[in-house]
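A.B. asks: below are the sequence and a predicted model for it; my questions follow.
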Amino acid sequence: MSANNLKESDHPIDAVILWVDGNDPVLTEKRNNYLNIENKTSNHSGALPTRFISNNEIRYCVLSILTFASFVRNIFIVTDDQDPNLNKEIDRYFPGRSNTLRIVDHKEIFSGFEQYLPSFNSSSIESMIWRIKGLSENFIYFNDDVFLIRKIRPEDWFSDSKPVLRGKWKIPPYKKMLSYFIKIVINKNIRKNHNYQPRLSFYLRQWKAAKLVGMKFRYYFYCHIPHPLNKKRLENFFTENKELLEKNISYRFRSEHQFIMPALAYHLEILNGNKQFAKLNLTYLHPYYSNKRLERKISKCENDACIKSVCVQSLEIMDNEVQERIFKWMDRILSTGKDDRKL
């Protein structure tokens, strides 16, 4: 660790992962019931099947943390009465670490707000993860499709006990706002599709979070990476803005009216004087890449030491051959990475 950091036990870092097994028939029935109650279909942008299907990404996410960020104290997997059953494999490869894995049910983090359960909305659920019992003040938030591929140092995520903010400044997404407005007007007023909802924009939702805390002319845009967050910062903000929190978690399915919590957290850090900006250190593997492009991306991951994580988006709609290629690559990365665990 760097000289300005104390030993890890003085500043523990936990990891939080949101996970859902959309193949679970019980959860599928529950979700369909609430789609009917809210007069929505599975074509609703916040209820697309791809948001819930699991292809064992959680396994690679957890094992990659244990392999490349062994300093992480606890790993909390936030679920709706589910369990990925990873303990035996963790005990096999990381003896003594299975007791640092804890399943956190939605009921725990929504305590006092049970009227908003069940929730099928990651934007609602992630807004509450700071309420996990025993969570370290500084923690890392993962989506389950984000995997580490290289050794991480604590100071890659936190320096002087403050989150390192990886992203880049952007002007407000005016073109996307105009496009969004035009699509709604055409579909609802001309095509008479009154239930139409355009695909939710990652850019617009980050800008919405920035505006909420007073940003006017620019915003700090991030990608799908592990997000270093401060629990106290979130707790203080949401305690003072309880109505805003309740509104955001009231949507059982994703909505254009919501903000994204990590974007809010980043801008709260900036407004409180955190200037620890850093370059993005990730790559994406998308389902629509050609095989050649996929191989180029994997090769770049292997050869560019600056890339520390990869986001494998919508793995379930990739061809079986492509899925197998990614799994074999990750298995090899995790196997060779074990030599670095104690560095």
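C.D. replies: Yes, it's here.

A.B. asks: any weak-confidence spans in the protein?
C.D. replies: Applying pLDDT under 70 to the chain flags residues 1-9, 41-54, 195-196, 337-343.

A.B. asks: and the helices in it?
C.D. replies: 25-37, 57-68, 87-93, 106-109, 122-126, 154-157, 174-185, 202-212, 231-240, 242-249, 261-271, 291-303, 320-337 (DSSP state H).

A.B. asks: quick one: these as CSV, columns for mean neighbour count and distance to Asp144 too.
C.D. replies: Glycine gets a C-beta too; all of them are placed from N, C-alpha and C. Converted to CSV, the helices of the chain look like this (neighbours: other CB atoms under 10 Å; distance: least, CB to CB, whole Å):
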stretch, mean neighbour count, distance to Asp144
helix 25-37, 14, 15
helix 57-68, 24, 5
helix 87-93, 13, 16
helix 106-109, 17, 15
helix 122-126, 22, 10
helix 154-157, 18, 18
helix 174-185, 12, 27
helix 202-212, 19, 17
helix 231-240, 15, 21
helix 242-249, 16, 20
helix 261-271, 22, 15
helix 291-303, 13, 19
helix 320-337, 15, 13
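
A.B. asks: a markdown table please, covering those helices and showing distance to Lys168.
C.D. replies: What follows is these, written out as a markdown table (distance: least, CB to CB, whole Å):
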| stretch | distance to Lys168 |
| --- | --- |
| helix 25-37 | 35 |
| helix 57-68 | 24 |
| helix 87-93 | 36 |
| helix 106-109 | 31 |
| helix 122-126 | 22 |
| helix 154-157 | 17 |
| helix 174-185 | 16 |
| helix 202-212 | 12 |
| helix 231-240 | 21 |
| helix 242-249 | 25 |
| helix 261-271 | 12 |
| helix 291-303 | 19 |
| helix 320-337 | 27 |
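
A.B. asks: can you tell which of those helices is closest to Phe139?
C.D. replies: helix 231-240 (6.3 Å; CB to CB).

A.B. asks: Asn281: which of the helices of the chain is closest?
C.D. replies: That would be helix 154-157 among these, by CB to CB, at 8.0 Å.

A.B. asks: could I get the CA-only coordinates of that closest one as CSV?
C.D. replies: Coordinates of each C-alpha in helix 154-157 appear next as CSV, following Å, rounded to 0.1, in the frame of the first residue of the first chain:
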residue,chain,number,x,y,z
PRO,A,154,-6.5,-0.8,-2.4
GLU,A,155,-5.2,2.6,-3.7
ASP,A,156,-6.7,1.7,-7.2
TRP,A,157,-10.0,2.2,-5.5
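
A.B. asks: what's the nearest residue in space to Gln258 that is not next to it in sequence in contact with, if anything?
C.D. replies: With sequence-adjacent residues excluded and distances taken as CB to CB, 6 or more residues apart in numbering, Gln258 is closest to Ser123, at 4.7 Å. With contact set as CB atoms under 8 Å, 6 or more residues apart in numbering, Ser123 has these partners: 205, 248, 251, 254-255, 258-261.

A.B. asks: and those, which two are the farthest apart?
C.D. replies: Within those, Ser255 and Met261 form the most distant pair, 14.1 Å apart (CB to CB).

A.B. asks: Phe142: how many residues sit nearby?
C.D. replies: Phe142 has 25 neighbours, counted by other CB atoms under 10 Å.

A.B. asks: kindly report the same for the one 4 residues further on.
C.D. replies: A count of neighbours around Val146, defined by other CB under 10 Å, yields 24.

A.B. asks: start at 12 instead
C.D. replies: In the new numbering, first residue 12, that becomes Val157.
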